[in-house]
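Asks: Please find the sequence and the predicted model below.
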Amino acid sequence: MSEQKVYLLGGYQTDFARNWARENKHICAMMREAYEGSLRTTRIEPADIKAAFIGNFAAELYCMQGHLGAFFVDFDPAFRGLPTSRFEGACASSALAVMSAMAHIRAGMYDCIALIGVELMKTASPAKGGDYLGTAAWYSRESAGVEFPFPKLFGKLGDVYEERFGLDDTYLAQIAAINYANAKLNPNAQTRDWFMSYDHACSKGQYNSTVSGRIKVTDCSQITDGAVCMYMASAPFAAEYARRCGITLESIPYIQGWGQTTAPMEFSAKVAESENQPFVLPWTRKAITDAYSRAGLKDCWDLDAIETHDCFTTSEYMAIDHFGLTAPGQSWRAIEEGVIELGGKLPINPSGGLIGCGHPVGATGVRQLLDAYKQVTGTAGEYQVKNARRVATLNIGGSATTNVCFIVGK
């Protein structure tokens, strides 16, 4: 593949606190709002857009709607005949849309692509929604007839850590508290007005019930309605865009590195494969190290921040050592020493992450990339990491089955 740079031109995120089902709005209304907002924030013109790629996990289940790419052509008369595609990879759906957009741009097929990640989730009861999410695992083996299968699967991830290295759940509570605190600084975060404290996250009972095993309500990401639209472009288009906006090409972030891997579908198979290996999820680790290699990074300390997939506190605990902040099994050190906090040596999830910002499943990968863009361009507002120049994202689908890591920098 050519080493041509693929640039990020910004975008727009809907307010993840909204309940679109209660507003009686169709999923295409979410997509349209994200698109129209992105025009205001980026100064992209409809005529600039040569293709639209949509990331979505389960619209057929949540709102009885497929073929989402076709809705894009209704947003402007200029889009009649526009190539559109929809991508699915469970919680990593929109990261796969980004991967495809990057390949199309490098191949010279399109020079500016609109990326939309979208999920409408609040149409279903918690039990039914949990069943829908269970299709991201091997449904007949891991989810059928199981109440809330994913809290159980990611609870097992914590169990593996406990068996191999030891795990004190107070560190999981600290992860939750940090992400909620960061979310209070994010005007689009779902939990920005929610109460949370470390003591609350440590507690069990009426106000923090146990979902499954070690996983309590405060350990879980949110059920979220949301959409994000952003733009990726070739170097020639980005140069012209820079001239149009009165900025330099060097000020525009681009994707410096990427990694994508697929692990076995069943969680038990993943664990069996990792026996006698240093990392609990070696294919997740490989996606990260591939991204480091392609970006020319020595290790995580060449980064200024990380936006990772904290679908549960256990998945962030895993990400800490898999990114290399600590030796395997010692993620607790980075938590205890304040490394991952907003003012720490390497902040994780300054946006609030999935736990604090929200997790509209098909939108998360693009949302992470948009937040990386904001950090690198110094436009993240109150949750800005000082002098951030290079940010990593990790988006995982299923029980870390699909793993996609990006490095964004200038």
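Replies: That came through fine.

Asks: Where does the residue nearest to residue 298 when sequence neighbours are not counted sit, in terms of helix or strand?
Replies: Spatially, and ignoring its direct neighbours in sequence, residue 298 is nearest to residue 292 (7.7 Å; C-beta to C-beta, 6 or more residues apart in numbering). For every residue, glycine as well, the C-beta is placed using N, CA and C. Under the criterion DSSP states H and E, the helix or strand holding residue 292 is helix 282-295.

Asks: Quick one: list the elements packing against the helix or strand bottoming out on mean pLDDT in the chain.
Replies: In the chain, the helix or strand scored least confidently by mean pLDDT, DSSP states H and E is strand 210-212, which has a mean of 90. Using 3 or more C-beta pairs under 8 Å, 6 or more residues apart in numbering; DSSP states H and E as the contact definition, the elements that strand 210-212 packs against are helix 149-164.

Asks: can you pull the buried residues of the helix it packs on?
Replies: Burial within helix 149-164, assessed by neighbour count using 16 or more other C-beta atoms under 10 Å, is assigned to 149-158, 160-161.

Asks: Show me which of the residues you listed is closest to residue 121.
Replies: Taking C-beta to C-beta as the measure, residue 121 lies nearest residue 150 of these, at 13.0 Å.

Asks: Pull up the gap between the residue nearest to the closest one when sequence neighbours are not counted and residue 289, please.
Replies: Taking C-beta to C-beta, 6+ apart, and ignoring the residues beside it in sequence, residue 150 has residue 133 as its nearest neighbour in space, at 5.5 Å. Residue 133 sits 29 Å away from residue 289 when distances are taken as C-beta to C-beta, to the nearest Å.

Asks: Which residue of those two possesses the greater neighbour count?
Replies: In terms of neighbours (other C-beta atoms under 10 Å), residue 133 is the more surrounded of residue 133 and residue 289; the figures are 26 against 18.

Asks: wait, the more buried one sits on residue 149?
Replies: Yes: Residue 133 sits in contact with residue 149 when judged by C-beta atoms under 8 Å, with a separation of 7.3 Å.

Asks: Am I right that residue 276 sits in a helix?
Replies: No: counting by DSSP: H, G, I helix; E, B strand; the rest coil, residue 276 falls outside a helix, being coil.

Asks: What is the neighbour count of it?
Replies: The number of residues near residue 276, taken as other C-beta under 10 Å, comes to 5.

Asks: which residues sit in contact with it?
Replies: Applying C-beta atoms under 8 Å, 6 or more residues apart in numbering, we find residue 276 in contact with no residue.

Asks: How about residue 371?
Replies: With C-beta under 8 Å, 6+ apart as the criterion, the residues that contact residue 371 are 307, 350-351, 380, 391, 393.

Asks: With residue 158 instead?
Replies: 167, 169, 172, 213-215, 314, 317.

Asks: which of the residues you listed lies closest to residue 69?
Replies: Comparing the contacts of residue 158 against residue 69 with C-beta to C-beta places residue 314 closest, at 34.0 Å.

Asks: How is the closest one assigned, secondary-structure-wise?
Replies: Using three-state DSSP as the criterion, the local structure at residue 314 reads helix.

Asks: Give me the neighbour count for it.
Replies: Each residue near residue 314 was counted by other C-beta under 10 Å, and the total is 26.

Asks: Return the distance of it relative to residue 29.
Replies: 35 Å.

Asks: right, and the residue nearest to residue 298 touches residue 301 too?
Replies: No: checked against C-beta under 8 Å, the pair residue 292 and residue 301 is beyond contact range at 10.8 Å.

Asks: Out of those two, name the residue with the larger neighbour count.
Replies: With neighbours defined as other C-beta under 10 Å, residue 292 and residue 301 compare such that residue 292 has more, 23 against 11.

Asks: gap between that one and residue 340?
Replies: For residue 292, the distance to residue 340 (C-beta to C-beta) stands at 18 Å.

Asks: Flag the shaky bits of this structure, pLDDT-wise.
Replies: When residues are selected by pLDDT under 70, those of the chain lie in 1-3.

Asks: re earlier: would you reformat the contacts of residue 158 as a markdown table and include secondary structure and distance to residue 372?
Replies: Written out in a markdown table, the entries for those read as follows (DSSP: H, G, I helix; E, B strand; the rest coil; distance: C-beta to C-beta, whole Å):
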| residue | secondary structure | distance to residue 372 |
| --- | --- | --- |
| 167 | coil | 29 |
| 169 | helix | 30 |
| 172 | helix | 25 |
| 213 | coil | 32 |
| 214 | coil | 30 |
| 215 | strand | 28 |
| 314 | helix | 23 |
| 317 | helix | 21 |
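
Asks: of the residues you listed, buried ones?
Replies: When the contacts of residue 158 are checked against 16+ other C-beta under 10 Å, the ones flagged as buried are 167, 169, 172, 214-215, 314, 317.

Asks: I'd like these laid out as CSV, including distance to residue 250.
Replies: Formatted as CSV, the buried ones among the contacts of residue 158 follow (distance: C-beta to C-beta, whole Å):
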residue, distance to residue 250
167, 44
169, 46
172, 41
214, 47
215, 45
314, 40
317, 37
